[in-house]
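S.K.: Below are the sequence and a predicted model; questions follow.
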Amino acid sequence: MPTQDARIGQAEDYMGYKISEIWDALDPKITIPNWMELVSDYGKHNEAARRHNPPKTFRYADHDRGELDLYAQGVPNGAPALVMFHGGGFSLLSKEDMAFAAPTFNAAGIAYISVGYPLAPGARFSELLAATQNAAKWIYENAQELGIDRERIYVTGGSAGAYISAYLLTTDWRDFGLPRSIFAGGMLLNGVFDATPLYLSEGWDYLGIKEEEVEALSPISRTDDLVDPILLARGEDEPPLTHLANEQLAAAAAERGLLVESYVDRGSNHFSMILALMDRQSNLFRKMEDMIAGGTEGTAAVA
């Protein structure tokens, strides 16, 4: 891995920020002093969800995080499915930490699948992303066993999970012996979509990104294969580079004539916004439910 001095020589700034400023421009904890309290709330909600709505667990790969949880209480066979990838900076959390949203989606008739994946630094960034592709492939190929409609599989995630979801939405699945796209759309929550700042900033060295991998691992560089419709949602109190990353991807999608909605959730932040998925009346949940229900159709970009 090159030193930061060497990387600074390769690029003096990124989207208006000096290389030494990238970490702070991406770190949501700086502006959210109670972030640990918000994250701890996940635990009690996850425990309640798993107790009242126990999932079925399936293994999709041999590594120690190669499992996914299917929540489908009261959901009819052949229902649409939402595949959730957890956040945590690619190094923390697990599939169990996204259980809290399962009851709400199940109540709306949507199967909910929370996916585990290998974490850094035990896995390099490229290996981690490849593992999520394997998980998505397994879900599509085993849709009948899971009791879901494989033509109505959507993908979502917050923070690191949004990056993963964008990577999967920009994958040409013909390379895996599948149709060009295996997802009907996606919802990207509080994400960034470029490996460049993760490579340039020392704070992300644990991901093990190599210079020659940056473009291939960046969803923003793969938008020729991007699938719509897309919801780009972010909290009002997000770090500045998250806002810029969302605007950048929205512009790229609109340039291709794709259906993309950009949404800023007023009064929420990087850690609190996703908890709105426990409330069927929240704006965020209703937007996601509408997309899955087919309420968003077409190919024209939406601002």
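M.R.: Structure's in. What do you need?
S.K.: now the helices: where do they sit in the protein?
M.R.: Applying DSSP state H to the chain gives helices spanning 4-10, 22-26, 35-52, 102-107, 125-141, 143-146, 160-169, 196-200, 240-255, 283-292.
S.K.: hey, where'd the strands end up in the stretch 201-303 of the chain?
M.R.: 230-237, 260-269 (DSSP state E, counting those that start in this stretch).
S.K.: Tabulate these in TSV, adding columns for mean pLDDT and distance to Ala111.
M.R.: The C-beta positions use only the backbone N, C-alpha and C, and glycine is treated the same way. Shown next, in TSV, are the strands of the stretch 201-303 of the chain (pLDDT from 0 to 100; distance: least, CB to CB, whole Å):
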stretch	mean pLDDT	distance to Ala111
strand 230-237	97	19
strand 260-269	96	23
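S.K.: give the contact list for Met15.
M.R.: Neighbour list for Met15: Pro197, Leu241, Leu244, Gln248 [criterion: CB atoms under 8 Å, 6 or more residues apart in numbering].
S.K.: Buried ones only from the residues you listed, please, as a PyMOL command.
M.R.: Listed next is the PyMOL selection for buried residues among the contacts of Met15, using 16 or more other CB atoms under 10 Å:
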select buried, resi 197+241+244+248
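S.K.: Would you mind giving the contacts of Met15 as JSON lines with distance to His270 and pLDDT added?
M.R.: Putting these into JSON lines (distance: CB to CB, whole Å; pLDDT from 0 to 100) gives the following:
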{"residue": "Pro197", "distance to His270": "16", "pLDDT": "97"}
{"residue": "Leu241", "distance to His270": "12", "pLDDT": "96"}
{"residue": "Leu244", "distance to His270": "15", "pLDDT": "97"}
{"residue": "Gln248", "distance to His270": "18", "pLDDT": "97"}
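S.K.: Just name the closest of the contacts of Met15 to Ser272, please.
M.R.: Nearest to Ser272 out of these is Leu241 (CB to CB; 19.0 Å).
S.K.: from memory that closest one sits against Ala25, does it?
M.R.: Yes - under the criterion of CB atoms under 8 Å, Leu241 makes contact with Ala25 at 4.4 Å.
S.K.: check contacts around Asp225.
M.R.: Thr170, Thr171, Asp172, Arg180.
S.K.: Would you check that the third one makes contact with Arg180?
M.R.: Right, Asp172. Yes - counting by CB under 8 Å, Arg180 is a contact partner of Asp172 at 6.1 Å.
S.K.: circling back: which neighbours do Leu241 and Ala25 share?
M.R.: Joint contacts of Leu241 and Ala25 (CB under 8 Å, 6+ apart) are Tyr17.
S.K.: ok, back up a step: could you say which of the helices of the chain is packed most deeply?
M.R.: helix 160-169 (a mean of 27; mean count of other CB atoms under 10 Å).
S.K.: Show me the contact partners of it.
M.R.: Under the criterion CB under 8 Å, 6+ apart, residues 84-90, 98, 117, 129, 132-133, 136, 155-157, 183, 186-193, 217, 219, 222, 226-227, 230, 249 lie in contact with helix 160-169.
S.K.: For Asp41, state which of the contacts of Met15 is nearest.
M.R.: Out of the contacts of Met15, the member with the shortest distance to Asp41 (by CB to CB) is Leu241, at 25.2 Å.
S.K.: For the closest one, give its distance to Tyr14.
M.R.: 8 Å (CB to CB, to the nearest Å).
S.K.: Need the residues touching each of the two.
M.R.: Ile22, Pro197.
S.K.: just to revisit the earlier point, to Tyr206, which of the helices of the chain lies closest?
M.R.: helix 125-141 (9.2 Å).
S.K.: For Ile274, give me its contacts.
M.R.: By CB under 8 Å, 6+ apart, the contact set of Ile274 is Gly87, Ala101, Gly158, Leu189, Asn190.
S.K.: again, only this time at 7 Å
M.R.: Ile274 makes contact with Gly158, Leu189, according to CB atoms under 7 Å, 6 or more residues apart in numbering.
S.K.: Look up how far Val264 lies from it.
M.R.: 15 Å.
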